[in-house]
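S.K.: coordinates for the following, if possible.
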Amino acid sequence: MEEKHYQVDLTNKTIVLIYMLYFGDMVSISPFLEVLRREAKGSKIILVMDARFQESVKYNPNVDEIIPFDRHGKEKGMAATWKLGKKIGKLHPDILLTLHGTTRSTLLALAMGPKHWGGEEGTRIDSFFMDWPMTIETYNSHAVDKYLKVLERLGVKDLHHSGMRTFTSPEWDRKARAFYESQGIQPGDRLAGFSVGSSTAEKNWPAEKYGQVADHFAKKGLIPVFFGVPSEIPLIEKAVSAMESKRYIVAAGKLSMGEFMAAAGRCALAFTNDSGPMYVFDSRG
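M.R.: Numbers count the residues shown, from 1 in each chain. Model prediction:
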């Protein structure tokens, strides 16, 4: 079926985006946000997102306001979702874009009552209310491209962008430097970053293989740094147990999300599974 295109004036509007996916997903929409900001002159851009991943976009200059949603905690139920939608409705949104449709996004949208609503349907009833329904979740393109396609279908012609980007703060940068200094890292040292885990075990390359790769680069003079969350420490222990070199750093559980983003930029190269850190390493160059 041929995709329908629309001509939408994005300027001088209050634009609400609903996108409540995970860490890497929030990085993958950074080109979308960059293009939207450029096209939506005079508009206020509001992002409704999973509260756990706020740091991924906290300092992104292309977002004016973040509305965090604790979808796994106190705001888990339908009543709390409806209440939040009514609260956002008081901001009088001109345009609502749902980048990932779910039952929750449908409830938020109906409670919000935007002037215009587009994006991915969350339930079958969305099509009765949406102005610009779209299929976004496809598996034949990079995540970056599928979100840019949304803007293209809204009439945006200029889709050039700077690639995936994450933005840190002086405080995160300082804490990342302090962590490396505490581990004996000198200004001229070259680091190899590793993220051994992911959100699903099926995505994980064997941890021992990471240890072998870390050894390979340790012998070439790079210092392996193992990033991750505390629950991934057992995987990291498996990785380092396969190493001959004893010169490595375990950063897992020692850095916040923002501090990790700052620390990732110090690495000369990185090895990851399909995970949030994969997107971060890309975004940090």
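S.K.: can you tell me the closest non-neighbouring residue to the residue of the chain most remote from its centre?
M.R.: For the chain, the residue at maximal distance from the C-alpha centroid (C-alpha atoms, centre = their mean) is Glu244, at 34.8 Å. Closest residue in space to Glu244, ignoring its immediate chain neighbours: Asp215 at 5.5 Å, by C-beta to C-beta, 6 or more residues apart in numbering. Heads up, the C-betas are built off the backbone N, CA and C, glycines and all.
S.K.: which SS class is that neighbour?
M.R.: Here Asp215 is recorded as helix under DSSP: H, G, I helix; E, B strand; the rest coil.
S.K.: contacting residues for it?
M.R.: When contacts are counted by C-beta atoms under 8 Å, 6 or more residues apart in numbering, Asp215 touches 242-245.
S.K.: just the buried ones from these?
M.R.: The neighbour count (16 or more other C-beta atoms under 10 Å) marks 242-243 as buried among the contacts of Asp215.
S.K.: tabulate the contacts of Asp215 (a markdown table), appending distance to Arg165 and secondary structure.
M.R.: As requested, the contacts of Asp215 are exported to a markdown table (distance: C-beta to C-beta, whole Å; DSSP: H, G, I helix; E, B strand; the rest coil):
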| residue | distance to Arg165 | secondary structure |
| --- | --- | --- |
| Ala242 | 34 | coil |
| Met243 | 33 | coil |
| Glu244 | 37 | coil |
| Ser245 | 33 | coil |
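S.K.: closest to Phe227 out of the contacts of Asp215?
M.R.: Met243 (16.1 Å; C-beta to C-beta).
S.K.: tell me the pLDDT of the closest one.
M.R.: Listed pLDDT for Met243 reads 95.
S.K.: hang on, it packs against Ala218?
M.R.: Yes - between Met243 and Ala218 there is a contact at 7.2 Å, judged by C-beta atoms under 8 Å.
S.K.: list the residues that contact both of these two?
M.R.: Pro224.
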